[in-house]
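> Have a look at this fold, sequence not included:
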């Protein structure tokens, strides 16, 4: 109770269907989040299993998506800004570590406060009843001016999460990736006696060589930003039709790193660490080096505890 866990949702085939953070609010109550826009789909899948596979479970599923407004507050001054506005909760690093959740009040509004981050920095997500969302936003904006607060949009969030190697289901996965393919084996409860998709993960084809795996790509020219969806080959001079090894899933200019970064799914990707691959485009062919890790910035996670 009071803690969160990152979770992957698999289909019976063992492929990633969704991901999110689950917070335990009480001994018998959980708050489940999904990929943006995925709440209805995930609720439907869970409800289907509850009604057809495990009707004996004393579990009730309720969508509260539209009952809450959520404001994500990120950056080294996030705690400095938030702390004076929080009542009923100590949000110091020791008392409220990363992946914590508690109920409290924020700026006088009843709230659920999550310490989570999709940017790689110290981060809090404040959930308040939807009718208070704008009022809380305006309060945080006014109080944050002394910290040079800045609103950030989806595109900025995409760059920040890519710098940390955080995946977006449906962009960095394509319905054929297992947790291991995506470098997320650590998120699987291997000691669990069973879970949806467990049997499929040990089928021969799922552990065979030649599977596409998510890796990082660094272009030889740091100023070149790859196109998302671009195909990848080993030899750009091979006869057509060329053998495609995979494709670019995410690609951005990183101001923090001063260069372009990209993620891609590539056949035997992790075994190609340090190998130069090629991305043929209509006007040129771009060379890029494979890096095994998709974490381009702050691999030690020091910014999470700023």
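Ah, there it is. All of these numbers come straight from a predicted model, not from anything done at the bench.

> burial count for residue 174?
Other residues lying near residue 174 total 14 when counted by other Cβ atoms under 10 Å. C-beta coordinates here come from the backbone N, C-alpha and C atoms, glycine included.

> so it makes contact with residue 265?
Yes. Counting by Cβ atoms under 8 Å, residue 174 touches residue 265, with 7.1 Å between them.

> between those two, what contacts are shared?
Between them, residue 174 and residue 265 share these contacting residues under Cβ atoms under 8 Å, 6 or more residues apart in numbering: residue 249.

> Does the host helix or strand of residue 102 pack against any helices or strands, and if so which?
Assigned by DSSP states H and E, residue 102 belongs to strand 100-106. Strand 100-106 sits against strand 16-26, strand 86-87, strand 109-115, with contacts defined as 3 or more Cβ pairs under 8 Å, 6 or more residues apart in numbering; DSSP states H and E.

> Now do the longest helix along the chain against strand 16-26, angle only.
Ranked by residue count, the top helix of the chain under DSSP state H comes out as helix 39-52. For helix 39-52 against strand 16-26, the angle by axes from the mean of the first three to the mean of the last three Cα atoms, to 10 degrees is 80 degrees.

> Could you check helix 39-52 and say which residues are buried?
In terms of neighbour count (16 or more other Cβ atoms under 10 Å), helix 39-52 has its buried residues at 39, 42, 43, 45, 49.

> before we move on, what about stretch 122-139?
Across stretch 122-139, burial judged by 16+ other Cβ under 10 Å covers 122, 123, 124, 125, 126, 127, 128, 132, 133, 136, 139.

> All the strands of this structure, in order from the start?
Using DSSP state E, the strands of the chain run over 4-10, 16-26, 29-32, 68-74, 86-87, 100-106, 109-115, 123-129, 212-219, 231-232, 246-254, 259-267, 276-280, 285-291.

> and the first one, average pLDDT?
Per-region confidence: strand 4-10 scores 96 on mean pLDDT.

> Summarise which helices and strands that strand is packed against.
strand 16-26.

> for the strand it packs on, the distance to its chain's centre please.
Taking Cα atoms, centre = their mean, to the nearest Å, one finds the center of strand 16-26 at 12 Å from the center of the full chain.

> what do you get for stretch 180-197?
16 Å.

> on that earlier part again, of the helices and strands packed on strand 100-106, which approaches residue 216 most closely?
Shortest distance between residue 216 and these, using Cβ to Cβ, is found for strand 16-26: 18.5 Å.

> Provide the strand pairings for that closest one, with the direction of each partner.
Note on strand 16-26: by DSSP bridges, its sheet partners are strand 4-10 (antiparallel), strand 29-32 (antiparallel).

> coming back round to it: and the helices and strands packed on strand 100-106, which is most packed in?
Greatest average neighbour count among the helices and strands packed on strand 100-106 goes to strand 109-115 (a mean of 21), per mean count of other Cβ atoms under 10 Å.
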